[in-house]
Every structure is written in structure tokens, then in C-alpha cells.
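Chemist: Provide a 3D model corresponding to the input given below.
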Amino acid sequence: LKQQTWRAHHMLRGLLLGCETCMPRQRAVGVLSRSNAWHSVRYYAHAAHDGYDVVVIGGGHAGCEAATAAARCGMKTALVTQKKATIGEMSCNPSFGGIGKGHLLREIDAMDGIAPKLCDYAGIQFRMLNRSKGPAVWGPRAQIDRDLYRSAMQREIANTEGLDVVETTVEDLDVDYTGSKPKVVGVKTGSGRVIPTRAVIVSTGTFLRGTIQIGVKSIPAGRRGEGPAVGLAKTLEDIGFKLGRMRTGTPPRLDGRTIDFSELVVQESENPPTPFSYMTEQVAQIDHLVPCHMTHTSEAFHEIVRDTLPYNCHIQEEVTGPRYCPSIESKIIRFTDKKSHQIWLEPEGLNTHVVYPNGISTTMPEEAQEEAIRTIKGLEHVDIIAHGYGVAYDYVDPRQLHRSLETKLLDGLFLAGQINGTTGYEEAAAQGIMAGYNAALKVKGQDAFRLSRAQAYIGVLIDDLTSAGVVEPYRMFTSRAEYRLSLRADNADTRLTELAQETLGCISPDRLTRAIDTRQQLELAIAYLQDVQLTPHEWAATGLLQKQLSLDGKKRSAFDMMGKQFISPAQALQQASLELTPSLQERVFIEALYSKLLQRQQAHIDQYTRDESLSIPADIDYSSIPSLPNEARECLTKARPETLGSAAQLLGVTPSTLVLLMHYIKNQSRGATTA
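Modeler: Next up is the predicted model:
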């Protein structure tokens, strides 16, 4: 109590005297105002016990985003991890981003997340995938230096005010069953210590009853050299959570000094690179960008894989693995007609010889891996530094979560990352930042921060998980988003930064200012371009036309002419007497390119928003709805969607089912009002 009273006094002194060392970090309380600062004092000085507002279990990508998000909101936060040294570890591939995944990173950044800016610091090769297609599906991607990323993440965690790191294992949850609903009130460590808290975020990755498998060997572990979380898995099971089992894998690591790159296909980095963060002007390793190299598997490789299948327990298990990033064994079994499969040789850092062979995740016995790898072009004499292995692990059916990522069974318990059945760093980080923010809002007694499918890829991710669940490790693609023309990687800041600030109040002032400035510049540029109206003859007289324009006498704006590519963006801006940075110029062009399509899409978004806003009562009895098809009734009863919009995403729920459901809910609401 004395320590808590001192902290409140110290912060109050900072507010009255203007002492920067005493002031609560303005970044953690949002807009600069005394009312917000006083609000922060209440929460820092609040604790009625020697504990934390939020405890995050797991120091992976979900855990790091969750812990820092909660701390930014003024929560006294603990990040509990087995090893401080592995916080921010990239367990599998040394890369971030890609198609769909890059969109998630941009959205994390727009809401003040940390992974994107660390990628800009540690990135050693950058590419924008899908450039040959429309800008809506462009995907920023980068190769990352593992050591640089991990050390940068650990510095970020150490420098985050209000965030402590606790090095221990968590074996159990402390649950209060005295109220109307069970509530988590603490975590129990392996040493027997209880850490009191008001909210818990579990982000254990592949550690939940994890087992490493190589050939016929099976070792309890969540990652090479680190034990599994067995007690926590049993706790979740005992509480009543439905758990499933999934598997993933990683390839062997190679010694780059023993690879013959001379006859392999080279892929250089784009230069200048496109950063992940809207706050980054230039990536840190601009002078140290490195290439990747491509090779292929051989028929001899495939033969060795097939011969060793009887000695590969990971493949034989009835456990679902990733469809979109499968093991090389799965690819060879599934695509019997293919003579070879692509492999990208990716450097793991600037100061290491380790190379990651992306595309040959395997769990063959070690001796078979040695033999098979050396049948590949360029790898004939390669040394293997570490063999590939698989991991089987428990996950929680995500349909047991609200869209805030709080569990339905246990008040104050949030889940984020692979524990919800996803795969990938970006999907984990996206869930982590949302869980962290919502845990903070839960402690403050405020409504949850939710993103809809029409607002963000993160909204699509969470809605898919909580409504439809998973039957295989979930990976984000642009094809999962119905409104991808408006949910682009280029505009996440104008979509989300101000929205997040309105709800959370903890977006950094610099980011908020930049997002507002960007939005205003874009709006002004578009307005100017729309004001420049010329007839076809007048446009022809400018000498700027890049293709023939119909001489129909109709006036056309510079904005429309740019969007239909009659004139270049630079020429359009010149006509409107505008000067923009290359980045903003590209964004204006993309808005013009999709202008007509976005107008049509907006009608669908408006309809979805109306459906999304119609809440489904938590206690609804689907068996009492007349004429509801049996398939839809079973699906709705199992998933328990929270809104009509979420119900629309479920397999087995047709438009006619939605109409029946909508009329039933509205009739019940009118009946309750009349009563």
C-alpha cells in the first residue's frame, strides 16, 4: 500500500510541477489532457492487492503485442515467459508479411503496434508481392535478421513503462467461482506463487501440451529446447474448454558456407524498400540488403521422402496440419504428378551463416534429412546445422471466444495467437494487439474494441475464428476479405488510427498527428483533382493523353482521367497544381483507380453494417424459431454468433435463414418492449 501511495503521489507531483520524470507517459494515456492523466493515476494507484491489472502468458509475437498494448493503455502489466532470452524469437521462418499477412502488419502499425517498426529495423530484404495485380492485393514482405529482431523486441519490452517481465512457468489459473460467472483473478506459477491480476491473456503458441516429433521420436516440448505447458492445458480442459490438436513443422537449417549458389536463381531486394510502418521514412538496413536464391527438390528427394513415410510419426498422426504452408511430405503425397517443388534459400541474418530453406518443412528421421537434402541442386555438399522437426500442440476452439477475444466461459480470460488455431507471426500479432487493448478496456470497465469485416483484415480474422472456428491452421489471405478494395495495405492508417484513438485514447500523439495530416492531404488532393473539369477536346489540347478519349463532349475530372489511366498521376497533379510526396501520389492514384468500384462496394458495406449492428441475444433458443432449417439450427446453436453479420459467415446459413433470424429477433424485441 505504501508503494502504491508513493507511486500516485509521485505522478501527481509530476502533473502539478511539470516534472517529465514524474509525469505518466502521455503515450499511455492518449490525447494530452489533465483529465486523461488523472484517469491514468487512478489506474496505476488502483490495485487493492500486490498484483497486476493484466498478466500475459507467453513471450511470442502475440504475447509481445498484447503486453505492450495493455501497458500503453496505462495498465500495470506482467509478461510471463519461460525464458527472457527467447522473447521475440522467430521460431520458424525469418520473414514477416506477404499476401494478406502484410495487410495485417500495416493494420497493427496503424494502431501503434510494435512488430512493423521492428521489421523496418531488422529487415534485410524487402519486396512488394503481387505487384502485377491490382493494388488491393499487393502484399509487403521482408526477410528479417533474427538476432536484430529479437534484440530489438527485448529492448522494446524493457523500455515499455508499466510492463514487467516475469521469468517462470504458469501451471494453473486462479479462478473465483463465487459470482454469477467464474472470473480469473490470478495465475499460479510452477514455483507455487500466485500472481493476482484482473485480466489474463494466454498466448502460448505451440507450447500447450506441445510435442516435438522427428522420425519416430517424440519429445515433450513447445519448441526445440523448451518444455511444454502441460498444467495450463489441463486447467483449460477442467474449466470446460473444448480443445483440439494441430501440428506444424519447420525445415532444417543449413550452413550457407557449404551451399553452391553459382547456378541458382537470384532474387534481389527491392530498392528503395517499402517500409511496413507508416512512421518509417527509410528502413534501417538500407545499405545491407541481401538476396535470396531459388532451387528445387529432385525426384531422388521425393523417393527418399516416400521411402521414409513408415518412419515418420508426425505425418501418420490423425492431426490437422497447415494446408497453405504444408510439410514437404504432405506436398509429395498430395501432388503425386509434380516432379519438383520450389525452395527459397533465405539468409537468417547479416552476422550468421545460417540459411533457412523455405518450402521443405520436414519431420523425416535425421539421417534421411541428410541424404535427401544433398540431392538438391546447390546443396550437394551442404552441412545441416539443425534438423527439421514437427510440433503437435493443443488449441482451443475459437468459437468459445467473444469477438473481443475474451472467453465466454471465464470472465477476464483472453486468448491470442496459435492457441486459437491460427498459424503465422502476423495472425498471432494481430490477435495479440486486440487482446491487449480489450483486456485493458475490461479492467477499466469500458466496452470492448471490435473491428468488423468491413473495417479491417483483423476484423475478418477474428470474425472467421469466433464464428466459423477452424478445421486446419488458419492463415490470412486477401481472398478471405469481401471488401478488399477498401481494406488495402496502403490505407490502414486512414482506416484505423483515428478510430483506435476514439475508443482507446492511447495512440501516440506523433502517430495520430501523422494519420490526420495524411487523411487531410489525401482529401484535399482528391477534391482539387475533381475540381479540374475539361471536355475531351480540352484534354486533347493538353497533349497529355496516353490513349484515345471518346469525343462525346462530356467533361471529365483530372481525378477520373487519372483513374482510367488516360493521363499519368504526375500529369493529373500538375493540372491541379499539386505537389505530393511519391507515397501520397501513389495513394491518390489508387483511390482514383478504384473510385467507381468503391462507390458500388460501399452499398454492400452499408448493408453489412446494418446486419452487423443487429445483435443476437446471448440466450436465444434456435429450436423455437419456426421454419428454421435443421442444418442452420445446428450450425447457429454450435457457433452462437453475436451478430447477424457474424451469422452470415457461417456455412449452412443461407440468405433466407438470415431473413428468418432477423424477423424473429425484431419480433422478440418488439414483444419485450410492449411487455
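
Chemist: First-to-last residue distance for stretch 206-218?
Modeler: End-to-end distance for stretch 206-218, by Cα to Cα, to the nearest Å: 15 Å.

Chemist: list the buried ones in it?
Modeler: With burial defined by 16 or more other Cβ atoms under 10 Å, the residues of stretch 206-218 counted as buried are Thr206, Phe207, Leu208, Arg209, Gly210, Thr211, Ile212, Gln213, Ile214, Gly215. (C-beta placed from N, C-alpha, C; glycine too.)

Chemist: which outside residues touch that stretch?
Modeler: 58, 82, 91, 219-224, 226-230, 232-233, 236, 243, 248, 308, 311-314, 363-366, 368, 387-395, 418-419 (Cβ atoms under 8 Å, 6 or more residues apart in numbering).

Chemist: Which of those residues are buried? Put it as a PyMOL command.
Modeler: The buried residues among these can be selected in PyMOL (16+ other Cβ under 10 Å) with this line:
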select buried, resi 58+82+91+221+222+223+226+228+229+230+232+233+236+243+248+308+311+312+313+314+363+364+365+368+387+388+389+390+391+392+393+394+395+418+419
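
Chemist: In strands, which of the contacts of stretch 206-218 appear?
Modeler: Taking DSSP state E as the definition of strands, these contribute Ile219, Pro220, Leu243, Thr248, Tyr389, Gly390, Val391, Ala392, Tyr393, Asp394, Tyr395.

Chemist: which residues touch the third one?
Modeler: By that I understand Leu243. Leu208, Ala233, Leu236, Glu237, Asp394, Tyr395, Val396, Asp397.

Chemist: Please apply the same query to Arg198.
Modeler: Gly51, Tyr52, Asp53, Val54, Val185, Gly412, Lys442, Val443.

Chemist: What subset of those residues is buried?
Modeler: For those, a neighbour count by 16+ other Cβ under 10 Å gives the buried set as Gly51, Tyr52, Asp53, Val54, Val185, Gly412, Lys442, Val443.

Chemist: Quick one: the helices in the stretch 551-675 of the chain, in order.
Modeler: Assigned by DSSP state H, counting those that start in this stretch, the stretch 551-675 of the chain shows helices spanning 558-563, 569-575, 582-593, 595-612, 630-639, 644-647, 655-674.

Chemist: Nearest to Val266 among these would be which one?
Modeler: helix 582-593 (26.9 Å; Cβ to Cβ).

Chemist: and the angle from the closest one to helix 595-612?
Modeler: Taking axes from the mean of the first three to the mean of the last three Cα atoms, to 10 degrees, helix 582-593 and helix 595-612 form an angle of 80 degrees between their directions.

Chemist: other SSEs contacting helix 582-593?
Modeler: With contacts taken as 3 or more Cβ pairs under 8 Å, 6 or more residues apart in numbering; DSSP states H and E, helix 582-593 sits against helix 509-531, helix 558-563, helix 569-575.

Chemist: Just the buried residues of stretch 338-349, please?
Modeler: By neighbour count with 16+ other Cβ under 10 Å, stretch 338-349 contains the buried residues His341, Ile343, Trp344, Leu345, Glu346, Pro347, Glu348, Gly349.

Chemist: Please state the offset of it from the chain centre?
Modeler: 25 Å (Cα atoms, centre = their mean, to the nearest Å).

Chemist: Which residue is the nearest non-sequential neighbour of Ser595?
Modeler: Gly563 (5.2 Å; Cβ to Cβ, 6 or more residues apart in numbering).

Chemist: again with Ser623
Modeler: The nearest residue in space to Ser623 (Cβ to Cβ, 6+ apart) is Arg633, at 6.5 Å.

Chemist: a strand runs through Asp172, doesn't it?
Modeler: Yes - counting by DSSP: H, G, I helix; E, B strand; the rest coil, Asp172 is part of a strand.

Chemist: is it in a bridge, and if so with what?
Modeler: Per DSSP bridges, residues listed as beta-bridge partners of Asp172: Lys188.

Chemist: ok, it touching Ala233?
Modeler: No - with contacts counted by Cβ atoms under 8 Å, Asp172 stays clear of Ala233, the gap being 10.7 Å.

Chemist: Leu105: neighbouring residues, count only.
Modeler: Using other Cβ atoms under 10 Å, Leu105 has 29 other residues around it.

Chemist: ok, so what distance separates it from Gln575?
Modeler: With distances taken as Cβ to Cβ, to the nearest Å, Leu105 is found 35 Å from Gln575.

Chemist: May I ask you to confirm that the residue nearest to Ser595 is in contact with Leu597?
Modeler: No - using Cβ under 8 Å, Gly563 and Leu597 do not qualify as a contacting pair, with a distance of 9.8 Å.

Chemist: More neighbours: these two, which one.
Modeler: Gly563 (23 against 14).

Chemist: show me what contacts the more buried one?
Modeler: Gly563 neighbours (Cβ under 8 Å, 6+ apart): Phe589, Glu591, Ala592, Leu593, Tyr594, Ser595, Lys596.

Chemist: ok so, going back, for the contacts of Arg198, which one is nearest Ile616?
Modeler: Lys442 (21.4 Å).

Chemist: Identify the residue nearest the closest one in space, chain neighbours excluded?
Modeler: Ala199 (5.3 Å).

Chemist: residues contacting that neighbour?
Modeler: Ala199 touches Asp53, Val54, Val55, Ala70, Val184, Gly412, Leu413, Phe414, Ala439, Ala440, Lys442, Val443, counting by Cβ under 8 Å, 6+ apart.

Chemist: Arrange the residues you listed in TSV, one row each, with distance to Ile373 as further columns.
Modeler: Shown next, in TSV, are those (distance: Cβ to Cβ, whole Å):
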residue	distance to Ile373
Asp53	49
Val54	45
Val55	43
Ala70	43
Val184	46
Gly412	48
Leu413	43
Phe414	41
Ala439	44
Ala440	47
Lys442	49
Val443	50
